[in-house]
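Predicted coordinates and the sequence they were generated for:
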2 protein chains.
Amino acid sequence: MSNDKKLVEAITAMDEDFGQWYTDIVKKADLIEYSSVRGCMIIRPYGYAIWELIQKNLDRMFKETGHQNVYMPMFIPESLLQKEKDHVEGFAPEVAWVTHGGADELTERLCVRPTSETLFCEHYANIIHSYRDLPKLYNQWCSVVRWEKTTRPFLRSLEFLWQEGHTAHATAQEAQEETIRMLEVYERFCEDYLAIPVVKGQKTDKEKFAGARATYTVESLMHDGKALQSGTTHNFGDGFAKAFEIQYTDKNNQLQYVHQTSWGVSTRLIGAIIMVHGDDNGLVLPPEVAPIQVVVIPVQQHKEGILEKAFAVKERLSKIVRVDLDDSDKMPGWKFSEHEMRGVPLRLELGPKDIEKNQCVIVRRDTREKIFISLEELETRIPQILADMQRGLLEKARTMRDKKTYTATSIEQLAAICEENPGFIKAMWCGDRDCEDRIKEETGATARCIPFTQEEIADTCVCCGEPAKHMVYWGKAY
Amino acid sequence: MSNDKKLVEAITAMDEDFGQWYTDIVKKADLIEYSSVRGCMIIRPYGYAIWELIQKNLDRMFKETGHQNVYMPMFIPESLLQKEKDHVEGFAPEVAWVTHGGADELTERLCVRPTSETLFCEHYANIIHSYRDLPKLYNQWCSVVRWEKTTRPFLRSLEFLWQEGHTAHATAQEAQEETIRMLEVYERFCEDYLAIPVVKGQKTDKEKFAGARATYTVESLMHDGKALQSGTTHNFGDGFAKAFEIQYTDKNNQLQYVHQTSWGVSTRLIGAIIMVHGDDNGLVLPPEVAPIQVVVIPVQQHKEGILEKAFAVKERLSKIVRVDLDDSDKMPGWKFSEHEMRGVPLRLELGPKDIEKNQCVIVRRDTREKIFISLEELETRIPQILADMQRGLLEKARTMRDKKTYTATSIEQLAAICEENPGFIKAMWCGDRDCEDRIKEETGATARCIPFTQEEIADTCVCCGEPAKHMVYWGKAY
């Protein structure tokens, strides 16, 4: 039991130091390791397996909505990056520059892609000619680089893994529909797979993507009351098309510019899982994206027949869930905390007394509820309990999110909430950039989004008192 | 039919200009498109879908043999790259260097990974402490960059996609077993999925990987008689472990160095598929890695009932194979050549007369054989025909390879074969680097490998006449 205790003691309590608690989990749950490259992390097998499950499910959803995967070069020539004015202003300050190939200096610098709009645009200009070539619905899974000053595993790193969708359409309406469709895919994915409730809405002009007409976002709320931008979709209108001359001949033989979108989510989602579901015992993984859904732990495994029985249970379960068995020579208590730390949804304990009664003990990671089930019912009960837990996590997260969602009718109130009870703060806004800036200055909160579901909290802007245009979700953010 | 003809005419004949034929296929089968980044290609949806099938199957084989996926940073600090002497000599001349992050010059240059041995070694030094931590069986799917002077799509490009396995073991024997096990995985994958027969063997010291004790290879033979190194596995012994101080405490509490391996295949395999199976009508895809295995082409589709019936057939087939239906307004003849160009294994024609007879016509892409099958037998016959084709392609490739495998007992004979009938040339070798160099100079052939299956062709080296040590497969290579 001393090992057990040591392991638990080693995690900082969430309430004590949320940042340290987060860092403890990413390391102790074996998700990442640091490397000698500043701000770049090594994603370890357990962390990468979560990413593989995210990829697998999102990729299926992308394909079901008609998208195809491609692969673009990781380098962008400086002149290509500069073609769209707003875009280069947004990204040039934070890119890595390749200046030499082998011993030779390059005639033109190449940046390592921070995002691939410019490459997709150049490609689209080459392959789109007629209305028959539209729409183009492409996606790419890759890593991108942004030269950030301060970094945190999964949340903000120099290099991160993501997917970037890039589409081209004949009409403005189709592009807008795609932008919203993909936002809804992200919403569905966050809720159904990650058990994370999100607020859907539009970004303010200040917060939108460099070069976009409109940016939409799904925002989630972490345990410490900070918001996390979890996925964004952008409608570019024909702005990039004009800069890159992406034109097609329509049915009436007229030249038209295409309308474009892009959208992305990244390994940041793993950070969201940690900060929405985790607790003082470590990670808590939603069953849908848990690399191991059930861990079988034999109790008194040295006794005759225990291990055989445990392996037989594992064998049966392996046909329906992702299951592992821990037959290492550690004490059961140590194993319990280790697998709790790693967020395994269900622990299945099996000892001599259980076998006598033809049963086993299931312990849910989230509620720690103990459930005794007959060994005959394994195949029916385990999937039910996993589904219950998946649902339970979403409900719990929604309750937490709702509890931390406040309303403010004055800037003082907004500041006080930010200071004392951070969370989502609903407040009215006139639409003016000055007010948005002042709110940031005085409260630390940024406009997370103008939610699709609007409420009439007041008539006037929380900041200037002029007539309000929108209700905005404000909050401190990662 | 004019469109049809034009399409076929647009491909250079293989015998006329093999290089141009290859380039025509990669472009016209929609596998790649060039970008404005020198030597970097865009992998288009159809090409990427082939890579996804390669990935999916190889990844499963890796996991079945106990390997786990991870993700390492794409940058390597210059000082880290330099830690192993032979390795840095081999790779430093061909890496891309990042010197600036945003506006700031870096204090130490970073190279974009050409391969990740150094990163894995640094990581292993951090996470391996005890014999209990071994073996580590890691793999990573990523892109790498090598600053090549001349490039060709899939075969040699500045950036390419690949997987790199990196493992650490307690003993030299385990490392050697892993090196051979993964070579056999590559052999099995090439034969069972790509229908490409390979020769397994060891590389000479001249041809081995920078930093390896021994490199093994699977070599395949292209239609033009040139060899393609299709996958390699390396045994590093404890060389890297000593350079990076990767040590563990064994059961007797003694410090020991680990023994390491690495192994990789890349998008180059798509080049091999093209050059082993393709013909003058375009690409020919082995069913196992064909994104579309059957394309349904309605004949006289404007006639009542034809399209409905065709869609019903597609619907039924979609449950068992990867199927598409071409209902575009092009003429059937044009569609035939288009899908032939893209290498779709089976074409299913369905017209009014077929429907009358309750049948359809299947045309095999490789043999162009027409097979009439009853619509009742779709679900049983189509998978059989696909399996026949998969087997047929491997047999045909093996026959071609065997036909182009020669024996030489003098250097003049070796040179004459290289000149007139390139292929694999079996000849004896004394093991001396000087002879290997001279053979390259005088014949253009390099030592492809020392095959595991040795034959006694002669007693003496084909070059110097001294006693022979090995039979070597020589050949011109990509």
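Great, that's in hand.

Looking at the stretch 351-478 of chain A, which residue is nearest chain B?
residue A:478 (20.9 Å; Cβ to the nearest Cβ). C-beta coordinates here come from the backbone N, C-alpha and C atoms, glycine included.

Next, work out how far apart that residue and residue A:156 are.
Separation of residue A:478 from residue A:156 (Cβ to Cβ, to the nearest Å): 7 Å.

now swap in residue A:361 and tell me
Look at residue A:361 and residue A:156: by Cβ to Cβ, they are 41 Å apart.

Over to residue A:422?
18 Å.

Am I right that residue A:371 is in contact with residue A:377?
No: checked against Cβ atoms under 8 Å, the pair residue A:371 and residue A:377 is beyond contact range at 10.7 Å.

which residues sit in contact with the residue of the stretch 351-478 of chain A closest to chain B?
Each residue near residue A:478 by Cβ atoms under 8 Å, 6 or more residues apart in numbering or on different chains is listed here: A:152, A:155-156, A:222, A:226-229, A:271.

Let's see that with 10 Å instead.
Residues near residue A:478 by Cβ atoms under 10 Å, 6 or more residues apart in numbering or on different chains: A:152, A:154-156, A:222, A:224, A:226-229, A:268, A:271-272, A:275.

do residue A:396 as well
The contact partners of residue A:396, taken as Cβ under 10 Å, 6+ apart, are A:195, A:276-277, A:284, A:366-367.

of all the residues you listed, which two lie farthest apart?
Farthest pair in these (Cβ to Cβ) is A:276 and A:367. Separation: 15.9 Å.

follow-up on the earlier one: neighbour count for residue A:422 and residue A:156, which is higher?
Between residue A:422 and residue A:156, counting by other Cβ atoms under 10 Å in any protein chain shown, residue A:422 is the more crowded of the two (21 against 16).

State the pLDDT value of the closest residue to residue A:456 other than its chain neighbours.
Once flanking residues are discounted, residue A:456 sits nearest to residue A:471: 7.5 Å by Cβ to Cβ, 6 or more residues apart in numbering or on different chains. Reading off the confidence values, residue A:471 has pLDDT 98.

can you check residue A:5 too?
Note for residue A:5: predicted pLDDT of 47.

Can you pull the residues of the stretch 151-300 of chain A lying near chain B?
Taking Cβ under 10 Å from any Cβ of the partner chain as the contact definition, the stretch 151-300 of chain A meets chain B at A:157-161, A:267, A:291.

Would you mark the buried spots in the longest helix that chain A contains?
Scanning chain A for the helix with the most residues, using DSSP state H, yields helix A:378-403. Neighbour-count burial for helix A:378-403, with 16 or more other Cβ atoms under 10 Å in any protein chain shown as criterion, is recorded at A:378, A:382, A:385-386, A:388-390, A:392-394, A:396-397, A:400-401.

thinking again about what came up before, among the contacts of residue A:478, which ones are in strands?
Under the assignment DSSP state E, the contacts of residue A:478 contribute A:227-229 to strands.

Need the residues touching each of residue A:371 and residue A:377.
Residues touching both residue A:371 and residue A:377 (Cβ under 10 Å, 6+ apart) are residue A:360.

More neighbours: those two, which one.
Higher neighbour count among residue A:371 and residue A:377: residue A:371, with 16 against 12, using other Cβ under 10 Å.

and residue A:8, what pLDDT?
51.

let me fix that: residue A:91
If you check residue A:91, the pLDDT there is 88.

now the strands: where do they sit in the stretch 301-450 of chain A?
For the stretch 301-450 of chain A, the strands defined by DSSP state E, counting those that start in this stretch occupy A:323-325, A:346-350, A:359-364, A:370-374, A:405-407, A:424-429, A:446-451.

Next, residue A:149: secondary structure please.
Here residue A:149 is coil, with the state taken from DSSP: H, G, I helix; E, B strand; the rest coil.

so how far is residue B:292 from it?
48 Å.

If you count surrounding residues, which of the two has more?
The residue with more neighbours, out of residue A:149 and residue B:292, is residue B:292; 20 against 11, by other Cβ under 10 Å.

which residues touch the more buried one?
Residue B:292 neighbours (Cβ under 10 Å, 6+ apart): B:46, B:49, B:285, B:321-326, B:339, B:342-346.

And for residue A:300?
If you count contacts by Cβ under 10 Å, 6+ apart, residue A:300 has them with A:306, A:332, A:350-353.

Does it lie in a helix or a strand, and which?
Using DSSP states H and E, residue A:300 is not contained in any helix or strand.

rewinding a little: can you tell me which of the contacts of residue B:292 are in helices?
B:46, B:49, B:339.

what's around the closest residue in space to the second one that isn't next to it in sequence, how many residues?
Leaving aside its chain neighbours, residue B:49 sits nearest to residue B:291 (3.5 Å; criterion: Cβ to Cβ, 6+ apart). By other Cβ under 10 Å, 20 other residues sit near residue B:291.

Same question for residue A:370.
Residue neighbour count, defined by other Cβ under 10 Å, stands at 11 for residue A:370.

Tell me the pLDDT of it.
Model confidence at residue A:370, expressed as pLDDT, equals 97.

Could you check how far the residue nearest to residue A:207 when sequence neighbours are not counted is from residue A:468?
In space, and not counting its chain neighbours, residue A:207 is closest to residue A:447: 6.1 Å by Cβ to Cβ, 6+ apart. Distance of residue A:447 to residue A:468, computed by Cβ to Cβ: 13 Å.

what is in contact with the two at once?
Taking Cβ under 10 Å, 6+ apart as the contact rule, the neighbours common to residue A:447 and residue A:468 are A:427, A:429.

okay, the two: which has more neighbours?
residue A:447 (24 against 21).

who's in contact with residue A:40?
The contact partners of residue A:40, taken as Cβ under 10 Å, 6+ apart, are A:34, A:143, A:145, A:151, A:157-160, B:72-75, B:110, B:119.

go with 7 Å
Counting by Cβ atoms under 7 Å, 6 or more residues apart in numbering or on different chains, residue A:40 makes contact with A:157-159, B:73, B:75.

now swap in residue A:108 and tell me
Residues in contact with residue A:108 (Cβ under 7 Å, 6+ apart) are A:77-79.

after whichever strand or helix holds it comes which helix or strand?
Taking DSSP H and E as the criterion, residue A:108 maps to strand A:104-112. Counting by DSSP H and E, the element after strand A:104-112 in chain order, helix or strand, is helix A:117-127.

For the residue of the stretch 301-450 of chain A found nearest chain B, which phi and psi angles does the backbone take?
Among the residues of the stretch 301-450 of chain A, residue A:328 lies closest to chain B, at 8.6 Å counting by Cβ to the nearest Cβ. The phi/psi pair for residue A:328 (degrees, to the nearest 10) reads phi -60, psi 170.

Find the nearest non-adjacent residue to it, please.
Closest residue to residue A:328 in three dimensions, ignoring its sequence neighbours and counting by Cβ to Cβ, 6+ apart: residue A:335, at 7.2 Å.

My read is that that neighbour contacts residue A:296, right?
No: assessed by Cβ atoms under 7 Å, residue A:335 is found out of contact with residue A:296, at 10.3 Å.

re earlier: quick one: average confidence on the longest helix of chain A?
98.

List the beta-bridge partners for the residue in the stretch 151-300 of chain A that chain B sits nearest to.
Here the residue of the stretch 151-300 of chain A nearest chain B is residue A:159; by Cβ to the nearest Cβ that distance is 5.7 Å. Assessed by DSSP bridges, residue A:159 has beta-bridge partners residue A:145.
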